[in-house]
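> Here you go, sequence then predicted model.
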Amino acid sequence: MHYLFEPGLFSSGPVRTALLVGAVVAVTSGVIGVFTVLRGQSFAGHSLADVATTGGSGAFLVGLNQFWGFLAAGIAAAALMEAIGVQRRRGRDVATGVVLGAALGAAALFLYLGSLQTATTGASFTVLFGSIFVISPDTVPALVASGVIALFVVAALARVLLLTSVSPDLARARGVNVRLVGIAYLAALAVSVSLAAVAIGAVLSTALLIGPSATALRVTKSPARAMAVSALTGLAATWLGIVLAYDSYYWPPHGHGWPVSFFVVALVLVGYLLSYVRPRAQRAPRSPHEDECGPEAIVATAATAAGTEGATCSPA
Amino acid sequence: MQEVQKTATVTDSSLAAEKPRTAPADLLRLEGIGVRLGGRSVLGDVSFSLGKGEFTGIIGPNGAGKTTLLRVILGLIEPSGGRVLVDGAPLHNKNKAAIGYVPQKLVIDPDMPLRARDVVSLGLDGHRLGFGFPSRQRRALVEAALADVGADGYADARVGELSGGEQQRVLIAHALISRPKLLLLDEPLANLDLRSEQEIVAVLGKLAREHEISVLLSAHDMNPLLGVMDRIVYVANGHAASGPTDEVVTSAGLTELYGHHVDVVRVHGRVLVVAGE
C-alpha cells in the first residue's frame, strides 16, 4: 500500500528539479505552441526537433551537456529554414527529403559512436526520449533563463505575430518587418523545442509544443485565453507525468520507473481527447439575414466554413 | 511608348479640366508611376489623384496591374519611376498612418482562436511591440468600428468561421479603427454573393459620404460601383486612364488603352466592355 503523493516525493532533489524545469518547459512550449499553430508552423517545430536530435547526440559524443547541443543545432536549423524558405511548399519538400533525413542520419552515427566510447546505452535514450530526472543542477539556471528569454521575445512580438497571422501584407503595409519578426520567432521556437527536448526528448518535443495548443484551440476563442489554457494544460500533463513516473517505481517490473516522456505524452493525448467531450464553444449568433437558407447563404457558408460546425444553415 | 504618352496626356487634361485649383489639396496623388517586375514593365506612366471623401474604383481585367498599383501606394513595391504623394508628401512612416488597408482575404483557418473583435483591436496597435491590455476605452473603440460597418452581430465569432462578406466587414473595421483618411481595398467584392456585394458597396459609400474617408478600391467589374463611384481609374495593358466614369469608359478611350478594339455597351444602366473584331 502506498500513496501517489508520497511523503518523500517533494523532498527528493531530482524531483524538485524536474518539477521546476518541467514547469518552465510546459509554459514556454504552451505559449509558443499557440503561435506555432496560428502561423501554421507545426512543420517548422517538428523539423527543429529533428535537427536538435543531431545536436544533442553530437554534444553527447563530445561530452557536453545535451541542452547546448539541442540549442546550437536548433538555432542553426532555424537560420537554415529561413534561408531555404521552409514556408514555401518546395522549400518544405527539400527540407523533409534532404535536410531532415541527413540530420537524423548524423544523429544515428553520433549515438552509435558515443555508445562505443562509454559503453552505456542510456545516452541514446536520454537524447531521444528525455532525461528530466537526471538534469544536472548546474544547467538549471541556463534552462530557466532560456525559457524566460524565449517567452519574453514572444510576449514582445505577440501583437505583431497575431497581425502577421491575419495577413502578412497587412503587417507589411503598417511598416512591420515581417521577415525579421519571422526570424526572431523561429529563434524563440528553437529555444522552446530545445527545452522540450531536455524534458521529454528530442523526438517527442513536438508533442508538448503542439498538443496542449491544439487542445486550447478547441476550447477557447481568444488568443490570450488560448495561451493560458495551453500553458496550463502542458503544465498539468508535465507535473502529473512526473508524479506518475515517480510512482511507477512500484509498478511492474518492480524497481524500474517508467519513462516520464511516456506519461507526459499520454496525458497530452488524454487532454486533447477530453476537449472533444466538452461541447465546442458556441458560435455567436450571426446577423439576422445570415439565418436565411437561400442558395447564396449556403454557397457562402460552405465556401468559407467547409468542414466546420459553423456551416449549418438552420432556420431561426 | 507613343501610346503611353497619349494616355498620360488624356489623363492629365481631364484632371486639369475638372479640378483646376485643388491639386495641392489632393489626399493621394500618383505622378507618372511606372513599375518593372523581373525586368518586365507591369505599369507605365500611371497618374491620377484622389480628393477628400472621394470614391474611386480601380477597374480593369485580371492581371492588368490593379494589385500592383495598390501595393505601390502602400509602399510595398518600389516604383521604377514617378512618385506617390500622400497628403502632399512622399510616403513615409508618418503619413502611412493616413492609409487604412483592407487585403483581399484572410489567411486564417476556421478553428483559430481569433475573434472578429481581436482582429479589429489589432487595427489599433497590431504593428507595435508588446501586447495590448484590455481596457474600457479599447473596447469602446472596437465596438464603434464594428458598428460602423454593421459587424457588431458577430463580434465574438471566430473570424475564420465567418462568411466572405462578414470577413470583409471585419477587415474594413480593422482598417477604420486607426482613423485613416484613405481606405485602400484590394478586390473587396471578389468571391462575394450578390447581396453581400451590394452591402459592402453601401458600407463603403456611407464611409466616403458621412465620414469623409476617401475610398480607393480595385475591382474587375465596375457595375456594382456605378452608383457610388465619383471617379474611375481604368487599368488595362499596363496603362491607366482616370476621370469620371462616363468620360473614361468609352469605346474610343478604352480601345486606345487596351491597344486593340473594344466596344463599350450600355444596357439598362449597366456597362459592358466587349472585345471587338
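Done, it's in.

> Spatially central residue (nearest the centroid) of chain A, please.
Residue closest to the average C-alpha location in chain A (C-alpha atoms, centre = their mean): residue A:209, at 1.1 Å.

> For that one, give me phi and psi.
phi -80, psi -50 (degrees, to the nearest 10).

> any idea of the pLDDT on it?
For residue A:209, the pLDDT comes out at 93.

> wait, doesn't it sit right on residue A:28?
No. The pair residue A:209 / residue A:28 is not scored as a contact, 9.2 Å apart, by C-beta atoms under 8 Å. Backbone N, C-alpha and C define where each C-beta goes, glycine included.

> residues shared between the contacts of these two?
Residues touching both residue A:209 and residue A:28 (C-beta atoms under 8 Å, 6 or more residues apart in numbering or on different chains): A:192, A:196.

> Need the mean per-residue confidence for stretch A:215-222.
Averaging pLDDT along stretch A:215-222 gives 90.

> hmm, who's touching that stretch?
Looking at what lies outside stretch A:215-222 - C-beta under 8 Å, 6+ apart - the contacts are A:30, A:34, A:37, A:225-230, A:233, A:268, A:271-272, A:274-276, A:278, A:280-281, B:111-115, B:118, B:156, B:158.

> For chain A, which segments count as helices?
For chain A, the helices defined by DSSP state H occupy A:13-38, A:42-62, A:66-84, A:89-94, A:101-118, A:122-129, A:140-166, A:168-173, A:178-200, A:205-219, A:223-247, A:260-277, A:295-304.

> wait, what's in contact with the nearest residue to residue A:46 once chain neighbours are set aside?
Take residue A:46 and drop its neighbours on the chain: the residue closest to it by C-beta to C-beta, 6 or more residues apart in numbering or on different chains is residue A:206, 4.9 Å away. Contact partners of residue A:206, counting by C-beta under 8 Å, 6+ apart, are A:42, A:45, A:46, A:49, A:193, A:196.

> so can I have CSV of those showing distance to residue B:181?
Below are the contacts of residue A:206 laid out as CSV (distance: C-beta to C-beta, whole Å):
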residue, distance to residue B:181
A:42, 41
A:45, 42
A:46, 46
A:49, 48
A:193, 45
A:196, 48
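
> Just give me the closest of those residues to residue B:175.
Nearest to residue B:175 among the contacts of residue A:206: residue A:42, at 30.2 Å, using C-beta to C-beta.

> First-to-last residue distance for stretch B:101-111?
When the termini of stretch B:101-111 are compared using C-alpha to C-alpha, to the nearest Å, they are 25 Å apart.

> just stretch A:239-254 next, same as before
Stretch A:239-254 has its terminal residues 22 Å apart, counting by C-alpha to C-alpha.

> what sits up against that stretch?
Around stretch A:239-254, the neighbours that count as contacts under C-beta under 8 Å, 6+ apart are A:2, A:4-6, A:9, A:12, A:15, A:18-19, A:22-23, A:26, A:132-133, A:255-264, A:266-267.

> can you give me how far it is from the chain middle?
23 Å (C-alpha atoms, centre = their mean, to the nearest Å).

> cool, and stretch B:95-102?
On C-alpha atoms, centre = their mean, the centre of stretch B:95-102 falls 11 Å from that of its chain.

> Quick check: buried residues in that stretch?
Going by neighbour count (16 or more other C-beta atoms under 10 Å in any protein chain shown), the buried part of stretch B:95-102 is B:95, B:96, B:98, B:99, B:100, B:101, B:102.

> can I get those residues in a markdown table with distance to residue B:234, pLDDT and secondary structure?
Listed next are the buried residues of stretch B:95-102 as a markdown table, based on distance: C-beta to C-beta, whole Å; pLDDT from 0 to 100; DSSP: H, G, I helix; E, B strand; the rest coil:
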| residue | distance to residue B:234 | pLDDT | secondary structure |
| --- | --- | --- | --- |
| B:95 | 27 | 78 | helix |
| B:96 | 27 | 79 | helix |
| B:98 | 25 | 87 | coil |
| B:99 | 22 | 90 | strand |
| B:100 | 24 | 91 | strand |
| B:101 | 22 | 92 | strand |
| B:102 | 21 | 92 | strand |
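
> If we check chain A, which of those are in contact?
When contact is defined as C-beta under 8 Å from any C-beta of the partner chain, those meet chain A at B:96, B:99, B:101.

> that older thread, per-residue pLDDT, the residue nearest to residue A:46?
Predicted confidence (pLDDT) at residue A:206: the value is 89.

> buried stuff in the host helix or strand of residue B:253?
Residue B:253 belongs to helix B:251-258 when assigned by DSSP states H and E. Buried residues in helix B:251-258, counting neighbours by 16+ other C-beta under 10 Å, are found at B:253, B:254, B:256, B:257, B:258.

> Just want the residue of the stretch 1-150 of chain B that's nearest chain A.
Residue of the stretch 1-150 of chain B nearest chain A, by C-beta to the nearest C-beta: residue B:126 (3.5 Å).

> which sections of the stretch 101-250 of chain A are below the confidence cut-off?
A:118-121 (pLDDT under 70).

> ugh, typo on my part, it should be chain B
In chain B, residues with pLDDT under 70: B:1-25, B:277.

> Now do the helices in it.
Ranges of helices within chain B are B:2-18, B:66-74, B:93-96, B:116-125, B:136-148, B:164-176, B:194-210, B:245-248, B:251-258, based on DSSP H.

> out of those helices, deepest packed?
Scoring the helices of chain B by mean neighbour count under mean count of other C-beta atoms under 10 Å in any protein chain shown gives helix B:164-176 as the most buried, with a mean of 27.

> Put the alpha carbons of that helix into PDB.
Extracted as PDB, the C-alpha positions of helix B:164-176 are listed here (Å, rounded to 0.1, in the frame of the first residue of the first chain):
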ATOM      1  CA  GLY B 164     -16.600  36.200 -47.100                       C
ATOM      2  CA  GLY B 165     -18.800  39.300 -46.800                       C
ATOM      3  CA  GLU B 166     -18.600  39.200 -43.000                       C
ATOM      4  CA  GLN B 167     -14.800  38.900 -43.100                       C
ATOM      5  CA  GLN B 168     -14.700  41.900 -45.400                       C
ATOM      6  CA  ARG B 169     -16.600  43.900 -42.900                       C
ATOM      7  CA  VAL B 170     -14.300  42.900 -40.100                       C
ATOM      8  CA  LEU B 171     -11.300  43.800 -42.200                       C
ATOM      9  CA  ILE B 172     -12.800  47.200 -43.000                       C
ATOM     10  CA  ALA B 173     -13.500  47.800 -39.300                       C
ATOM     11  CA  HIS B 174      -9.800  46.800 -38.600                       C
ATOM     12  CA  ALA B 175      -8.700  49.500 -41.100                       C
ATOM     13  CA  LEU B 176     -11.200  52.100 -39.800                       C
END
